[in-house]
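Q: Mind folding the following:
(2 chains)
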There are 2 protein chains.
Amino acid sequence: MKIGIFDSGIGGLTVFKEISKVLPSFEIVYLGDTARLPYGIKSKRTIDSYSINNVNFLKSLNCEIIVIACNTASSYSTKLLKSKFKLPIFDVLTCGVQAAIALNPKSLGVIGTSSTINSESYKKLILSKEKGVKVYSKACPIFVPIIEQGLVKEKYYDKIIEESLRPLRKKNLDALILGCTHYPLIKKSIRDYMGEEVILVDSALEITLSLKKYLKTNYPNQFNKKRKKRNIYLTDKSEYFQSVTKKIFNKLDFKIRVVDIK
Amino acid sequence: MKIGIFDSGIGGLTVFKEISKVLPSFEIVYLGDTARLPYGIKSKRTIDSYSINNVNFLKSLNCEIIVIACNTASSYSTKLLKSKFKLPIFDVLTCGVQAAIALNPKSLGVIGTSSTINSESYKKLILSKEKGVKVYSKACPIFVPIIEQGLVKEKYYDKIIEESLRPLRKKNLDALILGCTHYPLIKKSIRDYMGEEVILVDSALEITLSLKKYLKTNYPNQFNKKRKKRNIYLTDKSEYFQSVTKKIFNKLDFKIRVVDIK
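A: Numbering: from 1, shown residues only, chains lettered A, B, ... in the order given. Next up is the predicted model:
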């Protein structure tokens, strides 16, 4: 039983890391579409096409469960992928919203890239499940480049956190959804600024919990087996990717293979 | 006689805009590879492959001159494209360096994306032409997202300019090469911070001058003809691209066609 995870490239590694830790006895394949990243600024047509390519690739490696570890692909393409592929598909958007709703919040914040926030995919899904909750969304487009370029030690970093989140701090939020798989990497700064009383919903954690629950029911015997291998495939292996993953994860000691997918 | 310009997407529009203005009587095709942007963080192997795709597409539309309006493709792929295609090829890197050297500088600054600066392509080319000049390079990785996301009015913007350029301001530069086709869009901020005495070398202007010189020699009769049409092709037309070009160029009143290239 193999689990296939895909993302445009870097952010999804937070999901990969969490799933790897919590589900050591399951074989995991990670595909980062680094030749075509980022997804967040591209059209639905293009993201649909890339997402289909990615699932086809993971299927060709016999993955039986798919995890969409990218907010843009989750927002745009989950429905299409579910109708096209007869496989269990988990996505960060649905799992994040489920976890947030379970907190019975009166007011919820959502932060993400411009495309995620502009698509209103979080807001719509939250309101379809819980009409009464107040949803405050805020695009934080500068967070991804700050994280990827390793600029959290620059003198302007605190000012960026402050300016980006100030409108949300005034709202007395019960919880804040980190609607981008990069954001868990600066969770501490977000918590320090927003305050301890605001619960941060981290989709890497939430999707792992959903997946674990599903596997406990459907593959109970797999949990007691020995540690399985992990494989990372990328569509492009640049120095940039290597330096970023080093900055973010200290080290990523898996064999990385480069594949062409179209 | 058609001129074909390509870029990963947005920055190259500064080059397109300048060439369009200066050479109205030449037919121009612009190809923005927006489905696969940005190039600056990807490997030489991938950029070579994308650049060949792009030139093949422009050739299929009968372009007889190619302009590489992207610093990454200029650094990585100019040599390969020149050997593969028997066409005149102009690139922003060579034209920018030629213009800077013509100023007889004692000290030259170069700013660009991380990949451009890390590749040392500017430094190497400058020193191969003029050994005695002191070259100070500085990656300004946060400028592209700031420009593309339209964040120049945020309160942290001045601090970003200051922190990014401070190491160069101390160097008594004669000139500073804007080694990224996005940077002309924040030229005023860079000039204000660096001071009037530092000449800014803008590759959009310089490549246009080189091209004009070539055309004056080879196509002198074409200059007096009437205004020719411009065609813009993109590999992805997202809301992001449209909002960014609107922010940057106020409007872009050309018909845009979306094409698949592989």
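
Q: so what strands line up beside the helix or strand containing A:Ile111?
A: Taking DSSP states H and E as the definition, one finds A:Ile111 inside strand A:107-112. For strand A:107-112, sheet partners with direction are given as strand A:134-139 (parallel), strand A:175-178 (parallel), following DSSP bridges.

Q: Now it - C-alpha only, CSV.
A: This file holds the C-alpha atoms of strand A:107-112, laid out as CSV (Å, rounded to 0.1, in the frame of the first residue of the first chain):
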residue,chain,number,x,y,z
SER,A,107,-15.0,33.9,14.1
LEU,A,108,-12.4,32.3,11.8
GLY,A,109,-9.4,33.8,10.0
VAL,A,110,-7.9,32.4,6.9
ILE,A,111,-4.5,33.4,5.4
GLY,A,112,-3.1,32.2,2.1
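
Q: what does the helix or strand following it rub up against?
A: Sequence-wise, the next helix or strand downstream of strand A:107-112 (DSSP H and E) is helix A:114-119. Contact partners of helix A:114-119, identified using CB atoms under 8 Å, 6 or more residues apart in numbering or on different chains, comprise A:40-42, A:71-72, A:75-76, A:110-111, A:122, A:137-139, A:141, A:179-180, B:149, B:238-240. Placement of C-beta: from N, CA and C, glycine included.

Q: Just the buried ones from those residues?
A: For those, a burial check counting by 16 or more other CB atoms under 10 Å in any protein chain shown picks out A:40-42, A:71-72, A:75-76, A:110-111, A:122, A:137-139, A:141, A:179-180, B:149, B:238, B:240.

Q: Filter the residues you listed down to the ones in helices?
A: Using DSSP state H, the members of the buried ones among the contacts of helix A:114-119 that fall within helices are A:Asn71, A:Thr72, A:Ser75, A:Tyr76, A:Tyr122, B:Tyr240.

Q: Quick check, pLDDT for the third one.
A: Okay, so that is A:Ser75. Here the pLDDT value assigned to A:Ser75 is 92.

Q: so where is the stretch 1-150 of chain A shaky, pLDDT-wise?
A: By pLDDT under 70, the stretch 1-150 of chain A contains no weakly predicted segment.

Q: Tell me who's in contact with A:Cys63.
A: So A:Cys63 contacts A:Lys2, A:Ile3, A:Gly4, A:Val29, A:Leu87 (CB under 8 Å, 6+ apart).

Q: cool, and A:Pro141?
A: A:Thr113, A:Ser114, B:Pro145, B:Gln149, B:Leu151.

Q: Repeat the analysis, applying 6 Å as the threshold.
A: By CB atoms under 6 Å, 6 or more residues apart in numbering or on different chains, the contact list for A:Pro141 reads A:Ser114, B:Gln149.

Q: how about the residues of the stretch 51-200 of chain A that lie near chain B?
A: Contacts of the stretch 51-200 of chain A with chain B, taken as CB under 6 Å from any CB of the partner chain, map to A:Pro141, A:Pro145, A:Gln149, A:Glu154, A:Lys155, A:Tyr156, A:Lys159, A:Ile160, A:Glu163.

Q: Would you write out the PyMOL command that picks the buried residues out of those residues?
A: Filtering those down to the buried ones (16+ other CB under 10 Å) takes a single PyMOL command:
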select buried, chain A and resi 141+145+149+154+156+159+160+163
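
Q: Which two of the residues of the stretch 51-200 of chain A next to chain B have the greatest separation?
A: A:Pro141 and A:Lys155 (20.2 Å; CB to CB).

Q: Surely A:Ile28 is within a strand?
A: Yes. The assignment for A:Ile28 by DSSP: H, G, I helix; E, B strand; the rest coil puts it in a strand.

Q: pLDDT score for the residue sitting nearest the centre point of chain A?
A: The centroid of chain A falls nearest to A:Thr181 when counting by CA atoms, centre = their mean (3.4 Å). Listed pLDDT for A:Thr181 reads 93.

Q: so it makes contact with A:Thr14?
A: Yes. Between A:Thr181 and A:Thr14 there is a contact under CB atoms under 6 Å: 5.3 Å.

Q: Quick check: the gap between the closest residue in space to A:Val135 that isn't next to it in sequence and A:Thr72.
A: Spatial nearest neighbour of A:Val135, chain neighbours left out: A:Lys123 (4.8 Å); criterion: CB to CB, 6 or more residues apart in numbering or on different chains. Here the criterion is CB to CB, to the nearest Å. By it, A:Lys123 lies 16 Å from A:Thr72.
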